[in-house]
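Asker: Okay, here's the prediction I keep looking at, along with the sequence it came from:
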Amino acid sequence: MNIGELTFDQYRSRVEAFHGYAAPGLLIGGYMVEMAKRGLPQGVLYDAVSETKSCLPDAVQLLTPCTVGNGWLRVLNLGRYALSLYDKHSGEGVRVWLDPAKIEAWPAIRDWFFILVEKKEQDPQALIEAIRSAGEGMLSRGPVLMRPQELVKKHKGQGSIGLCPVCTEAFPLRDGSICRACQGESPYADVPEEKGADRLVPGLRAVPVQEALDQALLHDMTEVLPGKSKKSAFLKNQVLRDSDVDHLRHIGKAHVFIKDEQFKVGDWAHEDEASEAFARAMAGEGVEYSLPPREGKILLTAARDGLFMVDADRLEAFNLVPGVMCASRHGFAKVEQGMRLAGVRPIPLFLARTNLRKALSVLGDEPIFSVLPLHPAKVGILATGNEVYEGVIQDRFIPIITAKVERYGCRVVKSLIAPDVCQAIGQAIQDLLQAGAELIVTTAGLSVDPDDVTRKALEESGLENELYGMPVLPGAMTLLGNIRGARIMGVPACGLYFKTTGFDLLLPRVLAGVPLTRRDLARMGEGGLCLECKTCTYPKCSFGA
């Protein structure tokens, strides 16, 4: 059976010239491409999708105008031996796959495809003849319709181009602060000459303590008393005396570093110089630090109460630069003045200035840490539910929400209870707005039960920028939005039982004026599971971290 206008042997020769050998998957792919092409209307402009990265993309590129380079072929590694050709505009197309049921008729193909026989034990010629014999008989074909978003053409250009501050090579800025290779995706191992380069500082020698008497120490030296203390026993620039020898030995220091005439100051930055430069670049509004560094490290602390913000992408990019590190607490944490936020330092005693420049280039001109002030709001609380409105049960939600918002300095201007009636809930919202509420917290009525109409009532009252549902337990059905300039937070019924819910994670962000998008909520999935400890220690736990 021919493959388009080619005989099987002609196509096989083309495969061998292109691929290096007659790969079985590529031979089968030829039949698959031609079967798909015949299923399309004559003259239609089409794109292609390969559902595996093995062999099929090559078949598409050999037999169609679609290539990875021109963007008409996309490789979606779904792990299925299938491909599709579809109309560029309508999305209507044809999908062809190697059918496991049909290849039972050709044992050589079956054994190869399911790896039932090791490759070295397979008969290559018998397999090729089986493929020639099977032709399209081993395949199946069916119609497909691409999703609308798959038809939106991605711009083939790379956008703005910049220089990676780590490797200094050009890369698309859309990939981040540094290139993808320096982010850890490089397939190359370190060049042997580069390994341990930070330990081979020219002009820096380790000598016995006795030979360093009357010389100044190059760095702080730490003394650790297990279970008691960790402190600097000797400070940088402290001159060593004979009386210090025993103390140094007691803390395990038999040698110290000294500099000789070969040491070039311009090529290396002392740990204190580097850590101070990093801290200066990292600290934004509401963040402070103390000098001089201790043990080569600087701690950044909160200069005011508020919400701790972290540029996580640039923090990660910084930590990918060789020889530097910065560790911080989680972003979006509520912090108080004086609390420790982050610590930064170089790893070696002397950091190569090339790496210092790379790290500072990654940090750029904008800080990566800041503390946003919380702005106490005038709060209106609306409890919903027929059972509460009719007095069947006593409301417990209003005092719970009141206690939580007052903890942040907010003032409750009005509290109301409304039945599960859209009109009544809508009127209550208007009353709270007229009372001056800047933040309205509604309780319950957000589940899938038919009696729960709070969300519908909010929408009818003009709810904008609605975000309903978040990957947090408890609190999955939390709601966010705005009505006439006031922030809306809908708290599901779980807030009655659990001490801490998604409301507690979002309230500080709302009071700090942090914009919230669906992606922001999606990122809360990691760490969004409350472990329901018998004794709640939030926020000193993993919930929301």
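Answerer: Arrived safely, thanks for sending.

Asker: residues touching Phe308, list them.
Answerer: Phe308 makes contacts with 302, 329-335, 341, 369-371, as judged by Cβ atoms under 8 Å, 6 or more residues apart in numbering. C-beta coordinates here come from the backbone N, C-alpha and C atoms, glycine included.

Asker: Tell me which residues are up against stretch 144-151.
Answerer: Contacts of stretch 144-151 (Cβ under 8 Å, 6+ apart): 84, 86, 88-89, 91-95.

Asker: ok, which pair from those is furthest apart?
Answerer: His89 and Arg95 (18.0 Å; Cβ to Cβ).

Asker: neighbour-wise, which of these two wins?
Answerer: Arg95 (20 against 11; other Cβ atoms under 10 Å).

Asker: That one and Pro143 touch, don't they?
Answerer: Yes. Between Arg95 and Pro143 there is a contact under Cβ atoms under 8 Å: 7.4 Å.

Asker: so what pLDDT did Ala283 get?
Answerer: As predicted, Ala283 sits at a pLDDT of 98.

Asker: Can you tell me the SS state at the closest residue to Gly93 other than its chain neighbours?
Answerer: Closest residue to Gly93 apart from its sequence neighbours, by Cβ to Cβ, 6 or more residues apart in numbering: Tyr86 at 2.5 Å. Three-state call for Tyr86 (DSSP: H, G, I helix; E, B strand; the rest coil): strand.

Asker: Bridged to Tyr86, which residues?
Answerer: Asp47, Gly93 (DSSP bridges).

Asker: Might you report the residue contacts of it?
Answerer: Counting by Cβ under 8 Å, 6+ apart, Tyr86 has contacts 46-49, 92-94, 144, 146.

Asker: One more: Val392?
Answerer: Asn386.

Asker: Is it in a helix, a strand, or coil?
Answerer: coil.

Asker: Quick check: it vs Gly385, distance?
Answerer: Taking Cβ to Cβ, to the nearest Å as the measure, Val392 and Gly385 are separated by 9 Å.

Asker: could I get the contacts of stretch 144-151 as CSV with distance to Ala444 and pLDDT?
Answerer: Shown next, in CSV, are these (distance: Cβ to Cβ, whole Å; pLDDT from 0 to 100):
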residue, distance to Ala444, pLDDT
Ser84, 47, 97
Tyr86, 47, 96
Lys88, 50, 94
His89, 48, 93
Gly91, 43, 94
Glu92, 47, 96
Gly93, 48, 96
Val94, 51, 97
Arg95, 47, 97
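
Asker: What is the neighbour count of Ala327?
Answerer: Neighbours around Ala327, by other Cβ under 10 Å: 10.

Asker: my read: it touches Gly343, true?
Answerer: Yes. The criterion here is Cβ under 8 Å, and Ala327 meets it with Gly343 at 5.5 Å.

Asker: what's around Ala212, how many residues?
Answerer: So Ala212, with other Cβ under 10 Å, has 22 neighbours.

Asker: Ignore what I typed, I meant Glu532.
Answerer: 12.

Asker: isn't there a helix covering it?
Answerer: No. Under three-state DSSP, Glu532 falls outside any helix and is assigned coil.

Asker: ok, which stretches of the stretch 401-545 of the chain are helices?
Answerer: 422-434, 454-460, 502-511, 518-522 (DSSP state H, counting those that start in this stretch).

Asker: can these go into CSV with extra columns for mean pLDDT, distance to Leu349 and mean neighbour count?
Answerer: Formatted as CSV, the helices of the stretch 401-545 of the chain follow (pLDDT from 0 to 100; distance: least, Cβ to Cβ, whole Å; neighbours: other Cβ atoms under 10 Å):
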stretch, mean pLDDT, distance to Leu349, mean neighbour count
helix 422-434, 96, 61, 18
helix 454-460, 93, 60, 20
helix 502-511, 96, 40, 23
helix 518-522, 94, 40, 13
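
Asker: quick one: contacts of stretch 480-488?
Answerer: Under Cβ under 8 Å, 6+ apart, the answer for stretch 480-488 is 377, 380, 429, 432-433, 437-440, 442, 458, 461-468, 479, 489-490, 506, 510, 516.

Asker: Pull out the buried residues from the residues you listed.
Answerer: 377, 380, 429, 432-433, 437-440, 442, 458, 461, 463, 467-468, 479, 489-490, 506, 510, 516 (16 or more other Cβ atoms under 10 Å).

Asker: which ones among the residues you listed are found in strands?
Answerer: 380, 439-440, 442, 467-468, 479, 489-490 (DSSP state E).

Asker: export the residues you listed to JSON lines and tack on distance to Gln125 and pLDDT?
Answerer: Formatted as JSON lines, those follow (distance: Cβ to Cβ, whole Å; pLDDT from 0 to 100):
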{"residue": "Gly380", "distance to Gln125": "81", "pLDDT": "98"}
{"residue": "Leu439", "distance to Gln125": "76", "pLDDT": "98"}
{"residue": "Ile440", "distance to Gln125": "77", "pLDDT": "97"}
{"residue": "Thr442", "distance to Gln125": "74", "pLDDT": "95"}
{"residue": "Leu467", "distance to Gln125": "62", "pLDDT": "95"}
{"residue": "Tyr468", "distance to Gln125": "62", "pLDDT": "94"}
{"residue": "Leu479", "distance to Gln125": "66", "pLDDT": "95"}
{"residue": "Met489", "distance to Gln125": "71", "pLDDT": "97"}
{"residue": "Gly490", "distance to Gln125": "69", "pLDDT": "95"}
